[in-house]
Every structure is written in C-alpha cells, then in structure tokens.
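Asker: here you go, sequence then predicted model.
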Amino acid sequence: MSALLSVQGLRVEIAQRHRVLTAVDDVSFDIAAGEILGVVGESGAGKSVTGTAVLGLLERPAYQAAGRILFDGRRIDTLDEDAMRALRGREIAAVFQDPLTSLDPLMTIGDQLVETMRTHLDLTQAEAVERAARLLAEVGIPAPRERLASYPHEMSGGMRQRVVLALAFCCEPRLIIADEPTTALDVSIQAQILDLLRAMCRERGTAVMLVTHDMGVIAEVTDHVAVMYAGRLVEVGPTRRLLAAAAHPYTRGLMASIPDMYRRDEELMQIPGSMPRLDAPVPGCAFHPRCPQALARCAGERPPSFTTGASQVACWLADPAGRSAA
Ligand SMILES: Nc1ncnc2c1ncn2[C@@H]1O[C@H](COP(=O)(O)OP(=O)(O)OP(=O)(O)O)[C@@H](O)[C@H]1O
C-alpha cells in the first residue's frame, strides 16, 4: 500500500548564536490512509518538532535541514506558505493539547466551524450551519444547535476538546496531526476523547499521526508505533506486536511505565536517568548510558536500523550478525 504521508530522512536543526543543535535526526516513517500511527517518547524526544515539520509550521530558530515530506506522493516540504496553508485547512488538520490553541476565544464555536468550512469547501451559509450542528452532535455535544452560539470559555475542557475534534474533521481532512490531544484532560475524559477520535477516523478512513508521551494511549488507539529517543526513531512497528514483544530496551522501559494489564506481574517503573540535552549529544547509541543491556560497542557506534519481524529497531541487540559476538 502506498503511503498517504511519507517522512523521509527528516532532520530539524535549531540555530543558536554560535552553534547548531539537532532536534530531529534522520527520521523516516510512513502513514497509510486510515492508519493511526503513534509517535511516542519522553519529553524532548523530538515528537512535536516532527509533527510541526509535517504541518509546515516550523519557525526560526528551528528549520528543516534535510529530508523530504510527501503527502499523497507529492512533496509538501517545499510548498510556499499559501499552498501549505491551503493544504493545512483542507487535507491536513491539527489537534493540539490545549483546545484554546485551536479555538478563537472571541468567536462562537458555530462561527468558527462555519467559517472554516466556507473557506475550504463550496458550501452555502445554511449548509455549513447544518453541517456544523451535525458535527457537534457527532462529537457528543448536547443540544448542538443551541451550542453553536456558545463561546469556548463557556464550555468545559473536555467539551472544548470535542469541539476541536469537530473543527479538525469539518473539512474531511485525510490526515490529522494530533499532538498530546488528551494530556490536559482527566483520565476518564481522555479515554472518551480517544475513543471518539478513533471512531471518527475509522468511519472516514482518516489517517492520524498521534504524538504522545503515554504508552497507555499508544496501546489504546494506534495501529503502528514509532518510538523516538533523542531526536531519532529507535523502534517502529505494528502496535500489537510491539507491545507483545518490544525489541528496543527503551521501548521496554516505556512499557514498564504502563500501569495496566500488560505488566500485571511487574512493578511500575521509571527508566533511570534522563534523555541527553540537545547541547550535549551522546555518541554511539544515545540511550546507552541508561540502557540496562548496553554492549561495549553501543558507546562508540550508532546502531543502524535492523529489521526484526515486522519492526525496525535501531539497537545493536537486534543485529543478527552481532548477537553471537555480544
Ligand atoms: N524553537 C525552538 N527553539 C529551541 N529549541 C527547540 C525549539 N523547538 C524545539 N526545541 C527543542 O527541541 C527538542 C525537541 O522538542 P519537542 O517539543 O519536539 O519534544 P517532544 O518530544 O515533543 O517533547 P514534549 O512532549 O516535551 O513536547 C527539545 O529539546 C526542545 O527544547
């Protein structure tokens, strides 16, 4: 199946006065139509920067230094600002952690939905209003017609995030970039919003790049997972298989922090240590100082990506040639 989104060798750098830092390095992944890909990793791993690059919203001092981003086979990282803005409104939508990033506090939610639809779709005012009410009903807003006249601040955080989903879906995008869409919400509301996101995507065949630090979220909604550490992908594979048999010690460490059925027998644990700072990159495998299974070569040689089963794993432990030597 050809990819709807294809990120190839993406590198994002951050220009500082006397040096350049690398926030995302050689990141490649595909998302097929209708697929939900989770991008997971600790804070600072480069997840948001990757999503921002796909949306064409990187701002100085951050910039794309290498790689290509293709949407439906067409290169989009070289589009000009107007073309990218048109694509963002229509074919690629974004959902961020804070609903107030997406919602204009001075506009009613009805006006926001109607204006977005009328900018990008050929709809009359009456058609757009009708569609806005239907969308609000679909995302579970009670009394949707009356709610069209409400302002964002008149709603709870959970309701606002439902409106953000309505806004994201209102032009029937083919791809949604969702960056920590439920992190700010109570756990019970989080699950409802994730269920809603998944149901709406399944029904429409919408693809999603879901950025999260939470392996529980990955387990709940994604089809594939890309695990990021220190700006690089360390493991990419189908969610079920990856959760059943993660190959990278970092992925296993993240999984050990899911407090649920996957780890009934083990204590909830945190990975000791912290991710290297951008201004102090670690040679070899960036995870080796924290890795319980590090080999001598991990400190000196950066592992390439090895294929193990259906996954890609950047770890010397997955090197078929190196296993016996280790
Ligand atoms: N505009 C910027 N200027 C300087 N540093 C930046 C900029 N944008 C991102 N960074 C740095 O790039 C690194 C990756 O950030 P990013 O936000 O992508 O991480 P993340 O994995 O999404 O983590 P979080 O969940 O905390 O957002 C971090 O070290 C961050 O401080």
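Answerer: Arrived safely, thanks for sending.
Asker: need the residues that contact stretch 83-96.
Answerer: For stretch 83-96, the external contacting residues (C-beta atoms under 8 Å, 6 or more residues apart in numbering) are 51, 54-56, 71-72, 76, 79, 102, 116, 119-121, 161, 164-165, 167-169, 171, 173-181, 197. C-beta here means a position set from N, CA and C on the backbone, and glycine is covered the same way.
Asker: how many neighbours does Ile189 have?
Answerer: Neighbour count for Ile189, taken as other C-beta atoms under 10 Å: 17.
Asker: which strands and helices sit next to the longest helix seen in the chain?
Answerer: Determined from DSSP state H, the single longest helix within the chain is helix 187-204. Counting contacts by 3 or more C-beta pairs under 8 Å, 6 or more residues apart in numbering; DSSP states H and E, helix 187-204 is packed against helix 157-169, strand 175-179, strand 207-212, helix 215-221.
Asker: how about the residues of the protein by the ligand?
Answerer: Counting by C-beta under 6 Å from any ligand atom, the chain comes close to the ligand at 14, 23, 41, 43-49, 61-62, 213, 278.
Asker: for Gln112, state which of the residues you listed is nearest.
Answerer: Nearest to Gln112 among these is Ser48, at 23.6 Å by C-beta to C-beta.
Asker: hmm, that closest one is touching Val211, no?
Answerer: Yes. Contact status for Ser48 versus Val211: in contact at 6.1 Å, counting by C-beta atoms under 8 Å.
Asker: related to what we said a few turns ago, now do the longest helix of the chain: distance to the chain's middle.
Answerer: 15 Å (C-alpha atoms, centre = their mean, to the nearest Å).
Asker: begin at 13, not 1, for the rest of this chat.
Answerer: Renumbered: residue one is now 13, and that last one reads helix 199-216.
Asker: tell me the angle of that helix relative to strand 187-191?
Answerer: For helix 199-216 against strand 187-191, the angle by axes from the mean of the first three to the mean of the last three C-alpha atoms, to 10 degrees is 170 degrees.
Asker: how about helix 199-216: buried residues?
Answerer: If you call a residue buried by 16 or more other C-beta atoms under 10 Å, then helix 199-216 has these buried ones: 201-206, 208-210, 212-213.
Asker: which residues of the stretch 63-212 of the chain fall in helices?
Answerer: 93-102, 111-114, 121-132, 137-150, 156-159, 169-181, 199-216 (DSSP state H, counting those that start in this stretch).
Asker: those: lowest mean pLDDT?
Answerer: Within those, confidence is poorest for helix 111-114, with a mean of 81 (mean pLDDT).
Asker: buried ones in that helix, by neighbour count?
Answerer: 111, 114.
Asker: tally of neighbours for the closest residue to Glu192 other than its chain neighbours?
Answerer: For Glu192, ignoring the flanking residues on the chain, the nearest one in space by C-beta to C-beta, 6 or more residues apart in numbering is Gln109 at 4.1 Å. By other C-beta under 10 Å, 19 other residues sit near Gln109.
Asker: got a list of what Gln109 touches?
Answerer: 191-193, 195-196.
Asker: which among these count as buried?
Answerer: For those, a burial check counting by 16+ other C-beta under 10 Å picks out 191-193, 196.
Asker: helix or strand for the residue in the stretch 163-312 of the chain that the ligand sits nearest to, which one?
Answerer: Using C-beta to the nearest ligand atom, the single residue of the stretch 163-312 of the chain nearest to the ligand is Leu290, 4.7 Å away. Using DSSP states H and E, Leu290 sits within no helix or strand.
Asker: quick one: residues contacting it.
Answerer: When the contact criterion is C-beta under 8 Å, 6+ apart, the partners of Leu290 are 26, 33-35, 56, 243.
Asker: how about Met212?
Answerer: Taking C-beta under 8 Å, 6+ apart, one finds 150-151, 177, 181, 218 in contact with Met212.
Asker: what about these, which one has the most neighbours?
Answerer: The residue in the contacts of Met212 with the most neighbours, by other C-beta under 10 Å, is Leu177 (25 neighbours).
Asker: leaving out the residues flanking it, which one is nearest to it?
Answerer: Nearest residue to Leu177, sequence neighbours excluded (C-beta to C-beta, 6+ apart): Val151, at 5.2 Å.
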